[in-house]
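J.: Just a sequence and a predicted model for now, questions to come.
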Amino acid sequence: MNAYITGKSLVCTLGDDKQSIISSVQNLKQENYLSHLQSMFQERLFYPIKSFDNHSNVERYHAILDKVVFDALKDAKITQKEQKELHIFIGSTSMEMGSNEEVRSHSINDTTQPLFKDIGNGSIGEYVEQLIGSKYKALLFTTACTSSVNALSYASRMIESGKIKRAIVIGLELFNQSTLGGFSSLMLLSQSQIYRPFDKNSDGIILGEGCSAVVVEANPKRDTDFRYCGFTNVCDNYSETTSDPSGVPIFKTMQSCLEKANLSLQDVTCIKAHATGSENNNLSEARALHQLFEKHQQQTSVTSLKPLLGHTLGACGTNEIVLMLYCVESGFLPATFGFETPAEDVVFTPLQQHTSCDHKATLLFNYVAFGGNNSAIILTNKEGK
């Protein structure tokens, strides 16, 4: 049995539906990238969702979550009866942290107010269960930057094995002061305020917020639906906060994923790199890609989506998958913005311009997380792959 992505949705800094997001991507060129960033970072260094500003944090969290869930269900043409049979998988780093910070702030000024909205992360699962009327308990994944891609692979494998019929997988990451302060204290945030993955002058990451959902089922509903081909998760025990600079664990993750999918590098249309822009990630992932290209004695296209979305942490798995699938369905592979001069050991040039494709592609998505959690997943909508 196979697993297919039959519905998807995304709310992010580029827009809150496929049409607005693709229009934003197509209008962005290397020539206007810096002015685009300058206009976005006037208030703070962060890629914001702009379309839900007139809400409190709690209202905003619910409004965004409601929209991505029902947009994905509509895209997959899920009936109300099928909704009740949906299994729920959620990947996030911060869960409801922004809502809890807001409630905590109110309690400081009014001691009759509760100290927290909720204790623990289970309430987000209970909210989605009630929202769609599912009879199943939600499963939560918090494995740092691999959270939502791990959730997607878990759901896909359960469908492949026949244990469940269909699932909705949600990635959620919204602004909160705790996360921004944490990354600032680690001195990982860019001082130049320019996202430059794999570039010699890259000086750090820029956080962002986004929420996405994908519906996964055993049978496709369109010829263009992407099939889950394979997945690998490898633990890199070099350090709790940095990757092994040799790149070997990341290389093994991507190579193992290809082997599980029974594919070689020549079958892959494009690699979506994790590409946080941090010095350690630039070096370790670049060396891993070098090893992959040497192993297969050829290269393939490489791109990074964080200059478009910001780093959306636990949600970057499904956020970047949905954005990449939107682009392929629209007939192009998206460019990597901000890359000018290759950093150490970068032997490839990420896509510099949006590149035409025939609406079909086999895509390798690579992710690297704090704690050494490395994941790679392959999706295709090509016939015979």
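T.: Yep, that arrived.

J.: Tell me which other helices or strands the lowest-mean-pLDDT helix or strand in the chain touches.
T.: Within the chain, no helix or strand scores below helix 97-109, which has a mean of 85 by mean pLDDT, DSSP states H and E. Secondary-structure packing of helix 97-109 (3 or more C-beta pairs under 8 Å, 6 or more residues apart in numbering; DSSP states H and E): helix 57-75, helix 177-185. For glycine as for every other residue, the C-beta is placed from the backbone atoms N, C-alpha and C.

J.: JSON lines please, covering these and showing mean neighbour count.
T.: Conversion of those to JSON lines gives the following (neighbours: other C-beta atoms under 10 Å):
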{"stretch": "helix 57-75", "mean neighbour count": "19"}
{"stretch": "helix 177-185", "mean neighbour count": "13"}
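
J.: In TSV, list the ones you listed along with distance to Lys252.
T.: Formatted as TSV, those follow (distance: least, C-beta to C-beta, whole Å):
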stretch	distance to Lys252
helix 57-75	33
helix 177-185	27
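
J.: now the spatially closest residue to Met324 that is not a sequence neighbour, which residues is it bridged with?
T.: Spatially, and ignoring its direct neighbours in sequence, Met324 is nearest to Lys272 (5.5 Å; C-beta to C-beta, 6 or more residues apart in numbering). Beta-bridge partners recorded for Lys272 (DSSP bridges): Thr303, Phe365.

J.: So for stretch 285-303, mean pLDDT?
T.: Averaging pLDDT along stretch 285-303 yields 97.

J.: can you give me the strands in the stretch 251-385 of the chain?
T.: 270-272, 301-303, 332-333, 355-356, 362-369, 373-380 (DSSP state E, counting those that start in this stretch).

J.: which one of those strands lies closest to Asp236?
T.: strand 373-380 (5.6 Å; C-beta to C-beta).

J.: So for Lys135, which of the strands of the stretch 251-385 of the chain sits nearest?
T.: Nearest to Lys135, of these and by C-beta to C-beta, is strand 373-380 at 28.0 Å.

J.: quick one: strands adjacent to the closest one?
T.: Going by DSSP bridges, the partners of strand 373-380 are strand 226-235 (antiparallel), strand 362-369 (antiparallel).

J.: Name the nearest residue to the residue nearest the centre of the chain, ignoring sequence neighbours.
T.: By C-alpha atoms, centre = their mean, the chain has its centre lying nearest to Cys316, at 2.1 Å. In this structure, Cys316 finds its nearest non-sequential neighbour in Cys145, 5.8 Å apart by C-beta to C-beta, 6+ apart.

J.: A helix includes that neighbour, no?
T.: Yes: assessed by DSSP: H, G, I helix; E, B strand; the rest coil, Cys145 belongs to a helix.
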